[in-house]
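> Sequence isn't available, so here's the structure alone:
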Ligand SMILES: [Zn+2]
């Protein structure tokens with residue numbers, strides 16, 4: 001029995017409850033941003049506490065799941081496919097007696113993101129019972145067996161799951177792709193899922209609308225081309241935890257005899273991620289890297305830790321070395337432009353997805369205005385973290401499930417029409433839970 005509390009006809013917000021006899025597990029527990037945006041305009045209008053999320057069904061009103069509810073736990077565990085907030089950020093609310101299962105590096109990312117953010121009722125993950133798994137583990141939980149299998153996505157330690165139930169196997173893709181730097185991981189998931197002969201495949205469909213043909217290799221080639229053709233500063237924005245993209249920029253910078261300047265936050269996360277040897281990340285004081293210091297009156301402990309490194313540079317120093325660096329920054333770091341004042345001949349590379357909603361477009365316009373003001377052209381160079389339609393079809397043909405539930409897409413009908421000649425597609429219904437708590 002599957003209940004969808006999020007992820008239906010929306011990108012992310014996955015919260016899937018799988019119930020088999022008296023065992024109940026939650027697959028992902030992410031924030032539903034589309035729902036949240038209907039009621040909030042952050043940071044001016046934001047929820048004060050959990051009631052502001054429960055009221056509108058942004059957080060499903062379930063009994064025995066949350067830390068602010070003192071009834072006995074009603075679920076046996078939460079399984080996280082990866083660390084992105086649309087899959088994981090509601091775990092802060094989980095009852096501390098309920099175990100959360102995720103990959104080792106997912107735990108590292110969740111912890112370092114939480115440490116570098118202001119602590120609020122939504123970012124506090126203190127006291128959570130986090131158990132880590134690896135590919136090939138089989139986790140017995142009540143009457144269920146859960147097998148995590150690595151997949152390739154735009155963040156390390158992403159997994160899909162095969163859940164063995166009393167009514168056959170259920171496979172869940174999480175978020176995955178076949179055009180990334182580690183496509184073989186996704187192929188492993190597809191192969192294992194095929195062997196499990198699943199009755200149900202719960203499948204992401206982000207790119208069923210807005211498809212593209214690209215790869216991380218292509219991103220690398222394009223980024224290299226822009227850097228080599230630039231005489232002034234190169235500024236670039238990409239996701240903090242996207243290790244493949246970090247490496248793309250790091251390599252391209254080195255090839256072009258530039259050093260990659262990263263923010264203190266990026267440095268902190270990178271340093272923590274080095275615990276995962278498979279990621280092969282450089283030390284943060286490697287000579288190919290510099291860390292740019294934000295000028296503030298007071299620094300938090302994690303910032304002080306980073307400041308002890310010798311390659312930390314002030315905005316003034318960054319300004320003087322701008323023609324020989326690539327500066328990786330987030331949207332919020334564009335403020336540094338006032339200090340750095342990039343010279344003529346500088347460029348900006350936007351290496352993340354283009355805005356998908358009105359709110360994102362408003363933010364994007366502000367970025368464009370800043371770049372306009374400082375005279376930096378923008379290059380859009382990106383490849384998606386999600387599988388493309390034809391590859392999605394190939395994956396489903398290989399796995400051959402009896403039935404597919406499309407999730408993590410704003411276009412489940414399109415998904416269904418595109419794939420109906422290959423497989424039975426059933427569009428799940430989101431369970432509407434507002435106001436009154438419902439017993440599981
Ligand atoms: Zn997602």
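Ah, there it is. Computed from a predicted structure; not experimentally measured.
> Name the surrounding residues that touch the longest helix belonging to the chain.
Taking DSSP state H as the criterion, the chain has its longest helix at helix 358-374. The contact list for helix 358-374 (CB atoms under 8 Å, 6 or more residues apart in numbering) reads 37, 41, 331, 334, 337, 341-342, 346, 348, 350, 354-355, 377-378. For the C-beta atoms, the positions are set from N, CA and C on the backbone; glycine is no exception.
> Average pLDDT for stretch 289-297, rounded please.
In this model, stretch 289-297 has an average pLDDT of 91.
> what does it contact?
250, 259-264, 267, 282, 284, 303, 306-307, 309, 311-315, 318, 321, 325, 327, 333, 336, 339.
> coming back round to it: just to be sure, which of the contacts of helix 358-374 are found in helices?
Among the contacts of helix 358-374, DSSP H puts 37, 337 in helices.
> picking that back up, only the buried subset of the contacts of stretch 289-297, as a PyMOL command please.
Typed into PyMOL, the next command selects the buried ones out of the contacts of stretch 289-297 (criterion: 16 or more other CB atoms under 10 Å):
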select buried, resi 250+259+260+261+262+263+264+267+282+284+303+306+309+311+312+313+315+318+325+327+333+336
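> Go through stretch 143-163 and flag the buried ones.
144, 146-163.
> Let me fix that, I meant to ask about stretch 16-31.
Buried, per 16+ other CB under 10 Å, within stretch 16-31: 16-18, 20, 23-31.
> okay, how far is it across that stretch, tip to tip?
12 Å (CA to CA, to the nearest Å).
> same check, this time on stretch 253-270
Using CA to CA, one end of stretch 253-270 lies 17 Å from the other.
> Could you pull up the mean pLDDT of that stretch?
96.
> So what's the gap between it and the chain middle?
For stretch 253-270, the separation from the chain centroid amounts to 20 Å (computed by CA atoms, centre = their mean, to the nearest Å).
> How about the residues of the stretch 151-300 of the chain by the ion?
residue 175 (CB under 5 Å from the ion).
> ok so, going back, now the longest helix of the chain: average pLDDT?
Here helix 358-374 scores 87 as its mean pLDDT.
> Okay, buried residues for it please.
The neighbour-count check on helix 358-374 (16+ other CB under 10 Å) flags 367, 370, 371, 374 as buried.
> Could you list the domains of this protein?
Domain assignment of the chain by automatic domain parsing yields the ranges 2-210+385-419, 216-380.
> For those domains, state which one has the densest average packing.
Stretch with highest mean neighbour count among the domains of the chain: domain 2-210+385-419 (a mean of 20; mean count of other CB atoms under 10 Å).
> where does the protein have its least confident helix or strand?
For the chain, using mean pLDDT, DSSP states H and E, the weakest element among its helices and strands is helix 358-374, scoring a mean of 87.
> could you list every residue that touches residue 255?
The contact partners of residue 255, by CB under 8 Å, 6+ apart, come to 224, 227, 228.
> Among the residues you listed, which one sits closest to residue 416?
residue 224 (40.2 Å; CB to CB).
> The helix or strand that that closest one is a member of - what's its average pLDDT?
Element membership of residue 224 [criterion: DSSP states H and E] is helix 216-228. Computed over helix 216-228, the mean pLDDT rounds to 97.
> show me where this protein has helices.
With DSSP H, the ranges of helices along the chain come out as 33-39, 51-54, 85-88, 104-115, 183-196, 216-228, 243-255, 264-273, 301-307, 315-320, 337-340, 358-374, 389-399, 412-419.
> quick one: average confidence on the fourth one?
What that stands for is helix 104-115. 96.
> Give me the distance between it and the centre of its chain.
The answer for helix 104-115 is 12 Å, by CA atoms, centre = their mean.
> tell me the angle of that helix relative to helix 264-273?
With axes from the mean of the first three to the mean of the last three CA atoms, to 10 degrees defining the directions, helix 104-115 sits at 150 degrees from helix 264-273.
> can you state the direction angle for helix 104-115 and helix 243-255?
Using the same axes, to 10 degrees: helix 104-115 against helix 243-255 is 80 degrees.
> ok, the buried residues of stretch 16-31 vs the ion, which is closest?
Lowest distance from the ion to these (CB to the ion) belongs to residue 30, with 6.9 Å.
> The closest one against residue 86, yeah?
Yes. Residue 30 is within contact range of residue 86, at 4.3 Å (criterion: CB atoms under 8 Å).
> overlap in contacts of these two?
12, 13, 14.
> list the contacts for residue 146?
Applying CB under 8 Å, 6+ apart, the residues near residue 146 are 25, 79, 101, 138, 139, 161, 162, 163, 164.
> Among those, name the ones in strands.
Within those, residues falling in strands by DSSP state E are 25, 79, 101, 139, 161, 162, 163, 164.
> Contact partners for the third one?
Residue 101 makes contacts with 77, 78, 79, 80, 130, 131, 132, 133, 139, 146, 148, as judged by CB under 8 Å, 6+ apart.
> out of these, who's nearest residue 219?
The closest of those, once distances to residue 219 are taken by CB to CB, is residue 80, at 26.6 Å.
> Which residue lies nearest to the closest one in three dimensions, sequence-adjacent residues excluded?
Closest residue to residue 80 apart from its sequence neighbours, by CB to CB, 6 or more residues apart in numbering: residue 102 at 4.0 Å.
> Who is the one you found paired with across the strands?
residue 132 (DSSP bridges).
> separation between it and the ion?
Relative to the ion, residue 102 is positioned 14 Å away (CB to the ion, to the nearest Å).
> One more: residue 85?
9 Å.
> likewise residue 257?
On the measure of CB to the ion, residue 257 and the ion end up 37 Å apart.
> how about that residue, what does it touch?
residue 324.
> phi, psi of it?
Backbone geometry at residue 257, expressed as degrees, to the nearest 10, gives phi 50, psi 40.
> From residue 248, how far out is it?
Separation of residue 257 from residue 248 (CB to CB, to the nearest Å): 17 Å.
> Kindly report the same for residue 128.
Residue 128 sits 32 Å away from residue 248, taking CB to CB as the criterion.
> just checking, residue 354 touches residue 380?
Yes. The pair residue 354 / residue 380 is scored as a contact, 6.5 Å apart, by CB under 8 Å.
> Could you find the closest non-adjacent residue to residue 13?
The shortest distance from residue 13 to any non-neighbouring residue, by CB to CB, 6+ apart, is to residue 32 (2.9 Å).
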